[in-house]
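Visitor: build the 3D model from these lines:
(one chain, ligands or ions: 1)
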Amino acid sequence: MRVLIQFALIVVLCLNATAVVEKITFRSGTNQLAGLLALPERIGKHPVVLFVPGDGPVSKEAFSTPGTNRNDQLHHSVGKWARFLDMGFACFAWDKPGIGESPGDWEKETVFERADQLIAAIDYLTNRTEIDQSLMGLWGISQAGWVMPSVAAEIDEVKFVIAVSCPAQTIVEESAYLIEQQLLKQGVESEKATLARELYIRKWVSLRAGVSFGEATRAAMHNQRQLAGVEQPWLAPFTREDFNMLSTNRNRLESFFYNPLRHLTEINVPVLAMFGGKDTQVNPGTGFEGYKKALTQAGNRNVILKEFKHADHVMAAAKTGSLEEIKARTAFRPIPEYWISIQEFLEQHFPTALGRDRPVAKQKDTRFANMNIRLTFKDRRTLEYELNLENIIRRSLASYTNLFGGLPRKENGNFYDYIDFDIYYGNISGEADPQFVAIDVGPQKVFGYLTWETALIHEIFHLWSAETFRYKDYREQWFNEGATEYYAIKHALRFGVLDRAEAVDVWSRSLSMYLTANGAGSVSLREAGRKDLKRQNYFLVCHGGLLVALILDLEIRHFTQNQRSLDDLMRWLYKNHNRTNKMYGLDDIVVGLQQLTGRDFTPFFSRHVHGSDILPVGKFLSRMELEAIREGKIDEIEATRREILKAVLELP
Ligand SMILES: [Zn+2]
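Guide: Residues are numbered from 1 along each chain as shown. Below is the predicted model of the structure:
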C-alpha cells in the first residue's frame, strides 16, 4: 500500500527550541488525513514514534500543545512530544476523520479502519528521507490497544510498541468491565454489578448470533427487569437504527468482538506495556496477564510489563480510578514511574538510536584492494573493539573475494570502490546494504554463542550474496539467509571467533533450533520467507536454510569426491546473476547444482524446501560419525568422507 501525498505544506511552528513541526496530508483509503510531523532540528535521519490516541475526539496537536479540550489535555499528559524529541525521536500524529483538518466521521469508523490509517501513516513516513526507517515505533493508549497489535504483527517497519492502559480482550468485554466497575463505584452490590456485566455481554452475543429486532428488544427488556433499581442505560434495547446498522454491517459488528490477543501472540519486537492498578475503563488484570501470556507465546524476550498499583487509566495517581474522579481533575500528570519506564525501555532496546545525537567518536579510512574502507565509530564505547573489527573485516573481505572470485559489484556491474562500516554499541544486530554495513558491537552473546563478530562476518557476506547477486523474491530467503549464516559460522570457526573444539556442537544447536522452530514440518522453507511471516518464522528460514546449505555442501562434495563444494555454487551465482535483471530463483540453484554434480536436486527441493517435510539431516550426518568426531576417533572414518566432514564442519 502506497500513500498518495497530496501536498506537503511546510509550516513551521516552534514546538521547542530543537524541533520543527510540519503539517502534511496523507491518504488512507478514501480518507484524506491531516497529519503533524515534528522533527528534531538536527540534520540527519531520525527514529520516529507514531502516536495512536484512545477513543473520542483527539486532535493531531494534542501531543505538542495541551490545548483546551480535556481529551487533548489528557493525551498531552501521557504522550508529550517534547519528551520524545529530547530523546532524539521524531513524532507523528494525525487528525481522526472529522476532527481538526481531516474530513469524515470518526464515530462511524471501526478499530480495523483505525489500523488501516495507522498503516497508511507508516507508509507515508517511509517516504520521508528524514526518517530512519529502521526504527519506527508506536505509542498508544486505551482504544489503541485494538489498533496497534495487528499492525505491529503484520508490518515489518514497526520496531517497538509502547502500550499504555491497553486491553487484552474484546470491546464488548471491556465495555462490560467498565459497566461493572462504575456500578461498584456507585455502591451497587457486587452480584448485581456482575450480573450487569454478564447481561451486557449476552446482549451483544445474541446480536452477533443473528436474533431478530423483536427478540433482541424483548430480551433487553427482560434483562432490565432482572436489574430493577440499578441505573442501566447500557442494558437498554438497541435502537432500530443501531440494530439495522450493526446487523447489516458485519465488519463493524465483528470489530466489537475483535480480541487483540490474536495478534499479540505474533509480536516479536520490543514491547513496553503499562497498566494502572486502579483503571476502571480497561481491565488492568486481564490486560497484564493477556500481554504476558501472548507475548511469551510469541517467544518475545524483549517485553517489559508494568502494573502501577495506584495509577488510573491515564497513569495518574488515583484514589478510586472512577470516571468521576478523572472528570473532577483540573490537571493531568502521570506518576513519575511512567516516564522513567519509557526512558529506560528506549535506552535499553535502542541505545544506538538514542546515541545518534552524540558526535561520532572516530572515523578511520583504510584500504582493501581498490576499495576505501571507512569505519565510523558512532559511540566511544565501540573504540575498544577497533583492532578486532578491522581484523575481522579484512579477513572476511579477503576470504570472500577468494571464494566468489571477485570483489562485490554495484548495480551497474562495476566493482565496489568503497565500503562504509557504521559501528554502533548495543544489542547484537547488523544490516547490509550496497556498499554499506552497520553493526552493533557489545559484550552480549545471542543464544549463548553468537557474538557481534559472527554477526559482522554474516553481514559482510551479504555484500556479495543479496547485494551483488540477489534472490528474485521472498521465496528464496531461506537460501539467502541460510547460505550466509552457513558461511558466517564456518568463518567464525576458521577465525577462532567461535570455539573450534565446539564446532560439532555449533551445528547441533542449529539443528535443534530448526527442529523446534515455529512452523517446522508444516510451513515450507520457501513460504516461511514471506514478508509477513519472516519474523515469526525467523528460526525456520535461518536455521532451516543453514541446514540446507550444510546438506548441499556435503552432497556436492560427496558426488564430486570432494573436488567441488558449495563454494563453487556461490561462485557460479556470483558469475551468472546480479541484482537487477538476472536475479536468481530456486530453478537457477537447481541448474547450478546440475552443472556442478551432474545430479538433479529437484526431488530434494520439492520435498524439503518447496514442501514442508522436515530435512533428513540424519541421512547426511550420521550419529556414528559425529560421535567419532567428538571422541577424537576421526581417523576411523573412511578417508574421503573424513576429508569432506573436516571441510564442511571446519574441523581442525
Ligand atoms: Zn542476513
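Visitor: what about stretch 126-139, average pLDDT?
Guide: Stretch 126-139 shows a mean pLDDT of 92 in the predicted model.
Visitor: can you give me the buried ones in it?
Guide: Using 16 or more other Cβ atoms under 10 Å as the test for burial, stretch 126-139 gives 128, 130-133, 135-139. Where you see a C-beta, it was placed from the backbone N, CA and C, and this is true even at glycine.
Visitor: and the strands in the stretch 201-350 of the chain?
Guide: 271-276, 303-308 (DSSP state E, counting those that start in this stretch).
Visitor: just name the most buried of the ones you listed.
Guide: strand 271-276 (a mean of 27; mean count of other Cβ atoms under 10 Å).
Visitor: same for that strand, what does it pack against?
Guide: When contacts are defined as 3 or more Cβ pairs under 8 Å, 6 or more residues apart in numbering; DSSP states H and E, strand 271-276 packs onto strand 158-164, helix 284-297, strand 303-308, helix 336-349.
Visitor: hmm, try it at 10 Å
Guide: When contacts are defined as 3 or more Cβ pairs under 10 Å, 6 or more residues apart in numbering; DSSP states H and E, strand 271-276 sits against strand 131-141, helix 148-154, strand 158-164, helix 284-297, strand 303-308, helix 336-349.
Visitor: thinking again about what came up before, export the strands of the stretch 201-350 of the chain to a markdown table and tack on mean pLDDT and distance to residue 100?
Guide: Output for the strands of the stretch 201-350 of the chain, formatted as a markdown table (pLDDT from 0 to 100; distance: least, Cβ to Cβ, whole Å):
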| stretch | mean pLDDT | distance to residue 100 |
| --- | --- | --- |
| strand 271-276 | 98 | 27 |
| strand 303-308 | 96 | 31 |
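Visitor: need those strands in JSON lines (columns: distance to residue 201).
Guide: Conversion of these to JSON lines gives the following (distance: least, Cβ to Cβ, whole Å):
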{"stretch": "strand 271-276", "distance to residue 201": "22"}
{"stretch": "strand 303-308", "distance to residue 201": "25"}
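Visitor: okay, now the domains of the protein?
Guide: 8-169+259-353, 172-255, 358-468, 472-652 (automatic domain parsing).
Visitor: deepest of the ones you listed, which one?
Guide: Ranked by mean neighbour count under mean count of other Cβ under 10 Å, the domains of the chain are led by domain 8-169+259-353, which reaches a mean of 20.
Visitor: off-centre distance for it?
Guide: Offset of domain 8-169+259-353 from its chain centre (Cα atoms, centre = their mean, to the nearest Å): 16 Å.
Visitor: same question for stretch 163-179.
Guide: A distance of 24 Å separates the C-alpha centroid of stretch 163-179 from that of its chain, computed with Cα atoms, centre = their mean.
Visitor: next one: stretch 404-414
Guide: For stretch 404-414, the gap between its own C-alpha mean and the chain's C-alpha mean amounts to 32 Å (Cα atoms, centre = their mean).
Visitor: which residues sit against that stretch?
Guide: For stretch 404-414, contacts defined as Cβ atoms under 10 Å, 6 or more residues apart in numbering pick out 368-371, 397, 400-401, 415-417, 419, 432, 434-435, 460-465, 467-469, 567-568, 570-575, 578-580.
Visitor: distance between the ends of that stretch?
Guide: Taking Cα to Cα, to the nearest Å as the measure, stretch 404-414 stretches 15 Å from start to finish.
Visitor: next up, the contacts around the most centrally placed residue in the chain.
Guide: Here the mean C-alpha position of the chain is nearest to the C-alpha of residue 269 (Cα atoms, centre = their mean), at a distance of 4.1 Å. Taking Cβ under 10 Å, 6+ apart as the contact definition, residue 269 lies against 137-138, 152-153, 156, 158-161, 298, 300, 302-303, 349, 535.
Visitor: measure it to residue 130 for me?
Guide: When Cβ to Cβ, to the nearest Å is applied, the distance between residue 269 and residue 130 equals 22 Å.
Visitor: so, low pLDDT: which residues of the chain?
Guide: Judged by pLDDT under 70, the chain has its weakly predicted residues at 1-18, 43, 352-359, 531-535.
Visitor: try it again with 80
Guide: Scanning the chain with the threshold set as pLDDT under 80 gives 1-19, 41-44, 66-68, 86, 231-232, 350-361, 426-427, 446-449, 501, 531-536.
Visitor: strands of that one, start to end?
Guide: Taking DSSP state E as the test, the strands found in the chain are 8-14, 19-28, 31-40, 46-52, 90-94, 131-141, 158-164, 271-276, 303-308, 362-368, 371-377, 418-425, 429-433, 436-441.
Visitor: tell me which of the ones you listed sits nearest to residue 619.
Guide: strand 429-433 (33.3 Å; Cβ to Cβ).
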